[in-house]
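Peer 1: heads up, no residue letters with this:
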């Protein structure tokens, strides 16, 4: 790599293991590259508000309001974390990004073109993966309090949207229904091929 960093986003249902896998990937890449882990909602002002005041209420916000809040957080995230890291030639591993908005708010029937439009400021990832685990299984894994989006009906609809992007070639599918180490090895192999220019 030279001149710019590489931007990779990891997507998946809640409980799919994507956070664990994104962190493992960043740690493994750090042996040969300068890699960082980041996530959305971000730790910025908007992301903190979303996480603390929206996700664990009894009732979801209107989907358009959710989409606008996540888009606003994404602008802050891109400007304050992602762009500076890429400018330093780092590999940025992002746990959730634009595809999460498309999947979670899009699954409610919100127009995908509109979601893309309000996220037009967002950088396009160099590589984006979807860690696929059946919705029934991911909900069994969740040991913490569930957010307003973590119901079986919602997760099934969210997965359907993700799969549409896999079929369109925008997301690379990773089988998450395997052991943690097997998933990590598969993900690392694909990303390393990208970084070496052999993908």
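Peer 2: Right, received. Where do you want to start? From a predicted model like this one, the values you see are computed outputs, not experimental measurements. Numbering: from 1, shown residues only.

Peer 1: most centrally placed residue in this structure?
Peer 2: Nearest to the geometric centre of the chain sits residue 96, at 1.7 Å (C-alpha atoms, centre = their mean).

Peer 1: pretty sure that residue contacts residue 11?
Peer 2: Yes: using C-beta atoms under 8 Å, residue 96 makes contact with residue 11 at a distance of 6.5 Å. Glycine gets a C-beta too; all of them are placed from N, C-alpha and C.

Peer 1: Spell out which residues are contacts of both of those two.
Peer 2: residue 18 (C-beta atoms under 8 Å, 6 or more residues apart in numbering).

Peer 1: quick one on the thing from earlier: who's in contact with the residue nearest to the centre of the chain?
Peer 2: Contact analysis of residue 96 by C-beta under 8 Å, 6+ apart lists 9, 10, 11, 18, 39, 40, 41.

Peer 1: Of those - the most surrounded one?
Peer 2: If you count neighbours using other C-beta atoms under 10 Å, the busiest of the contacts of residue 96 is residue 10, which has 30 neighbours.

Peer 1: State the distance from residue 157 to residue 63.
Peer 2: 11 Å (C-beta to C-beta, to the nearest Å).

Peer 1: Report the buried residues of stretch 54-67.
Peer 2: Neighbour-count burial for stretch 54-67, counted by 16 or more other C-beta atoms under 10 Å, picks out 54, 55, 60, 61, 63, 66, 67.

Peer 1: And these, which is the shakiest by pLDDT?
Peer 2: Lowest pLDDT among the buried residues of stretch 54-67: residue 55, with 73.

Peer 1: any shared contact partners between residue 157 and residue 63?
Peer 2: Common contacts of residue 157 and residue 63 (C-beta under 8 Å, 6+ apart): residue 108.

Peer 1: Next, please give the residue ranges for the helices of the protein.
Peer 2: Secondary structure of the chain by DSSP state H: the helices cover 18-29, 45-53, 63-77, 83-87, 98-104, 112-118, 135-141, 152-167, 180-195.

Peer 1: tally of neighbours for residue 121?
Peer 2: 11.

Peer 1: number of nearby residues for the closest residue in space to it that isn't next to it in sequence?
Peer 2: Using C-beta to C-beta, 6 or more residues apart in numbering and skipping the chain neighbours, the partner closest in space to residue 121 is residue 75 (5.4 Å). Per other C-beta under 10 Å, the neighbour tally for residue 75 reads 16.

Peer 1: do the same with the one 10 residues further on
Peer 2: By other C-beta under 10 Å, the residues close to residue 85 number 19.
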